[in-house]
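1. have a look at this fold, sequence not included:
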DNA sequence: GATAGTTTCATACAACTGTTTGAATTGCAA
DNA sequence: TTGCAATTCAAACAGTTGTATGAAACTATC
């Protein structure tokens, strides 16, 4: 078995193709061709196509969550044990945004695969995905610790909106690029992260008092 | 031909199934079964599956855009010809959010179909979708008129984030519901719209001065 | 170097896909 | 009614999908 050459070749090829073209457009024959292995190898090593996808998703899911939590811990341990809301939000959206928009090709593939997974939600993934809820709950708790005076419901909305902005920027950055005529620089990853974090922070920290924003113009 | 019974039956069934289960999971046989028509009817009336999807998408796309522009015009004509940024944003995200989250079943199907279309981006749709850019440009222009002092790049980011929040709320409202334990009320459509509009307005009108939000806590 | 276990391979399979065909049926005008 | 076009229908088509098979090639142990 050496180093599971065939197994890892399949995993890498599958991840890349799925990230690029989505689950429904990629066949096992596409994967084995890209991996230069025999067709039967997939079923031999993984049992079925669904189990291959599931393994891919579980692996990447764990990696992403670990990365997020590492950043969260770092932010919380640094100070008094309570992190700033910006730091919590950065830990939440940073890893994925850096992964997808950053220059690291391997990282980009992995991150884009996860985006695909969250979009297409094929059956093998749908089951596993429920675990994400409990993972996000830890971030909701951290956010509540950062902002003890904010209502719980607003914490959830803020978390939701932060993920929405990060997510959509990755998924449909091309449209933003076209729309703005290249004015919005998606290659400036830190700038994008800062924008998302800033807006989400505003959403969480500014009191909603009806026509709150009208007075702030200019 | 009477009233094109078969044609419309196919269109309705297809739209509903696509909205529910996505494009890749729905076959022509599923559609004709739901519409109670013969399999060959699809190719007879539409030419191909792709042309069916394209017709569906074009129809709905035009309807959505018209609805948005109607709201925009109404908001702009009401006052001095310049609308408030909130009104512009409401015209942008309102129709889709009301469509997907509201109680009107038929509307919900149509709106959810459009969400599917923007997510899965099958080939027949991808081409047509470029027109959406020019449609969004009109909203960017209206936003710029409402906020003449805001930099153009920030207008685009604000537009992008507004759509992102609306979009994700529709697509993944279930997760927010689970995460918040039902605390976030997605049935309160006007409340959801107000949240999205408020946050997007904050993003557009608040000066980003580094640690802008830290001082606003509590 | 023979043997047992693992891995690869070409090939076949059954199921499903969108599409086509040509005959039946329908609806309507002359 | 007759004739003609539009529509419906059952059946079959060719292509693709994920999966299974059994023989071949390999690997390591004795």
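-> Structure received. What you see is a predicted model, and the numbers here were worked out from it, not measured in a lab.

2. count the neighbours of the nearest residue to residue A:178 once chain neighbours are set aside for me.
-> The shortest distance from residue A:178 to any non-neighbouring residue, by C-beta to C-beta, 6 or more residues apart in numbering or on different chains, is to residue B:133 (5.4 Å). Yep, even glycine has a C-beta here, placed from its N, CA and C like the rest. Using other C-beta atoms under 10 Å in any protein chain shown, residue B:133 has 11 neighbouring residues.

3. same check on residue A:123?
-> 10.

4. wait, it sits on residue A:51?
-> No - if you go by C-beta atoms under 8 Å, residue A:123 and residue A:51 don't touch, sitting 11.6 Å apart.

5. from DNA strand C, how far off is the residue sitting nearest the centre point of chain A?
-> Residue closest to the mean C-alpha point of chain A, counted by C-alpha atoms, centre = their mean, is residue A:96 at 4.0 Å. Using C-beta to the nearest atom of the strand, to the nearest Å, residue A:96 is found at 33 Å from DNA strand C.

6. ok, and the closest non-adjacent residue to that residue?
-> residue A:111 (5.5 Å).

7. residues contacting that neighbour?
-> Contacts for residue A:111 (C-beta atoms under 8 Å, 6 or more residues apart in numbering or on different chains) come out as A:64, A:95, A:96, A:99, A:100, A:170.

8. helix or strand: which one has the first one?
-> Take DSSP states H and E as the rule and residue A:64 turns out to sit in helix A:49-78.

9. quick check, distance from stretch A:159-173 to the centre of its chain.
-> 9 Å (C-alpha atoms, centre = their mean, to the nearest Å).

10. which residues are contacting that stretch?
-> Against stretch A:159-173 from outside (C-beta under 8 Å, 6+ apart): A:89, A:92-93, A:96-97, A:100-101, A:111-112, A:115, A:118-119, A:136, A:139-140, A:143, A:176, A:186, A:192, A:195-197, A:199-200, A:203, B:118, B:160-161, B:163-165, B:167-169, B:175-176, B:179, B:184, B:199.

11. quick one: which of the residues you listed sit in helices?
-> A:89, A:92-93, A:96-97, A:100-101, A:111-112, A:115, A:118-119, A:136, A:139-140, A:143, A:176, A:192, A:195-197, A:199-200, A:203, B:118, B:160-161, B:163-165, B:167-169, B:175-176, B:179, B:199 (DSSP state H).

12. which secondary structure element contains residue A:15?
-> helix A:5-21.

13. report the buried residues of that helix.
-> Within helix A:5-21, the residues scored as buried using 16 or more other C-beta atoms under 10 Å in any protein chain shown are A:6-7, A:9-19.

14. just those that are near DNA strand C?
-> When C-beta under 7 Å from any atom of the strand is applied, the members of the buried residues of helix A:5-21 adjacent to DNA strand C are residue A:6.

15. now tell me which helix or strand of chain A has the poorest mean pLDDT.
-> Least confident element among the helices and strands of chain A, by mean pLDDT, DSSP states H and E: helix A:123-128 (a mean of 77).

16. tell me which other helices or strands it touches.
-> helix A:49-78 (3 or more C-beta pairs under 8 Å, 6 or more residues apart in numbering or on different chains; DSSP states H and E).

17. for the record, mean pLDDT for the helix it packs on?
-> Summarised as a single mean, pLDDT over helix A:49-78 is 90.

18. contact residues of chain A facing DNA strand D?
-> Close to DNA strand D, as judged by C-beta under 7 Å from any atom of the strand, chain A has residues A:2, A:27, A:28, A:29, A:30, A:39, A:40, A:42, A:43, A:48, A:49, A:50.

19. 6 Å instead?
-> Selection of chain A residues close to DNA strand D by C-beta under 6 Å from any atom of the strand yields A:27, A:28, A:29, A:39, A:40, A:43, A:48, A:49, A:50.
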